[in-house]
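In: no sequence for this one, just the structure:
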């Protein structure tokens, strides 16, 4: 996240319209809000909404309710990340957090009240939406875990008619942008980061982002690749992996993104200390996929993120290339 504000500013320096627009981040699959907090700290650190202040708010809410939220510091100890060394700058930023779980949504609203009680015109804003993102608009059945447990990883779309399922509204990224940022032209607003963590349904969310992606109106896209979700014993779900429903491969998705102007990289799940002690080997963090650098479906340990940059914004695409390891598979 270091200097990502400069990267985005340079990417849009020749566009008058984009320069007038706030930094725009879509955090799809917000969960406990740590990605939102990370971007707010990176882009507007003086707002003082960051992973450290967020975990304090979450734990205060749990104390008020005489409970403890599972993994309240984030699945990957997100609350312990180093903060932006700049602690004073405030910029115009809009972060939209989409969380389908009613229980987690209510917790996020309370955290927002504690951390950002007054959002003035200008400056950073954190919008929280109790809805899912998908390839269609409407309503879908979601696992009953969404209703009660904060941050439950089982909160995903289930088959219609599933016992105890709850109904949650879903919308496509394109529809959300069209309705939230109406314009007299057909051009969608510039999305600086489109982040997707949809419990294996990331390809459907990308399908619902067709217009913003084909217009190259998203500078960067990040989504989760987790083929193991469809192979779980008790609650298999998702589109990745051997049992994906419907099955979609990473190579299909990144090939399509390449065709419309995006370079993609596999951002691997690096081993933690416990895994290192068990003999899990270190590996470079960023592997280039685009350009036949990776030609077969990768095998990942647990999960990995895929990071893509539009070639329209050359400095961002070039920066990812500088960081990447080039391999042939």
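Out: Yes, it's here. This one's a predicted model, so the numbers in the text were calculated from it and none came from an experiment.

In: return the helix or strand in this structure with minimum mean pLDDT.
Out: helix 16-20 (a mean of 57; mean pLDDT, DSSP states H and E).

In: the helix or strand just after it: partners in the sheet, and parallel or antiparallel?
Out: Scanning the chain past helix 16-20 towards its C-terminal end, the next helix or strand to appear is strand 23-28 (assignment: DSSP states H and E). With DSSP bridges as the criterion, the sheet partners recorded for strand 23-28 are strand 93-98 (parallel), strand 191-196 (parallel).

In: pick the most deeply packed of these.
Out: strand 191-196 (a mean of 24; mean count of other Cβ atoms under 10 Å). (Glycine included, C-beta is placed from N, CA and C.)

In: wait, a strand at residue 161?
Out: No - counting by DSSP: H, G, I helix; E, B strand; the rest coil, residue 161 is located in no strand; its state is coil.

In: distance of it relative to residue 92?
Out: With distances defined as Cβ to Cβ, to the nearest Å, the gap from residue 161 to residue 92 amounts to 45 Å.

In: which one's more surrounded, those two?
Out: Neighbours per residue, other Cβ atoms under 10 Å: of residue 161 and residue 92, the larger number sits with residue 92, 16 against 7.

In: contacting residues around the more buried one?
Out: Counting by Cβ atoms under 8 Å, 6 or more residues apart in numbering, residue 92 touches 22, 23, 44, 122, 123, 124.

In: ok, now how distant is it from residue 21?
Out: When distance is defined by Cβ to Cβ, residue 92 is 8 Å away from residue 21.

In: that older thread, for residue 173, find the nearest of the strands paired with strand 23-28.
Out: Each of these was scored for nearness to residue 173 using Cβ to Cβ, and the closest is strand 191-196 (7.0 Å).

In: picking that back up, among the contacts of residue 92, find the lowest-pLDDT one for me.
Out: Scanning the contacts of residue 92 for pLDDT, the low point is residue 122. It has 76.

In: nearest to residue 9, out of the strands paired with strand 23-28?
Out: Relative to residue 9, the nearest member of those by Cβ to Cβ is strand 191-196, separated by 9.9 Å.

In: quick one: contacts of that closest one?
Out: Contacts made with strand 191-196 from outside it, assessed by Cβ under 8 Å, 6+ apart, are listed as 8, 23-29, 35, 39, 133, 173, 177, 202, 205-206, 209, 212, 217-224.

In: tell me which of those residues fall in helices.
Out: Restricting the contacts of strand 191-196 to those inside helices, with DSSP state H as the criterion, leaves 8, 35, 39, 173, 177, 202, 205, 206, 212.

In: and which of the residues you listed is nearest residue 323?
Out: For the ones in helices among the contacts of strand 191-196, the closest approach to residue 323 (Cβ to Cβ) belongs to residue 8, at 16.4 Å.

In: ok, and the closest non-adjacent residue to that closest one?
Out: residue 192 (5.0 Å; Cβ to Cβ, 6 or more residues apart in numbering).
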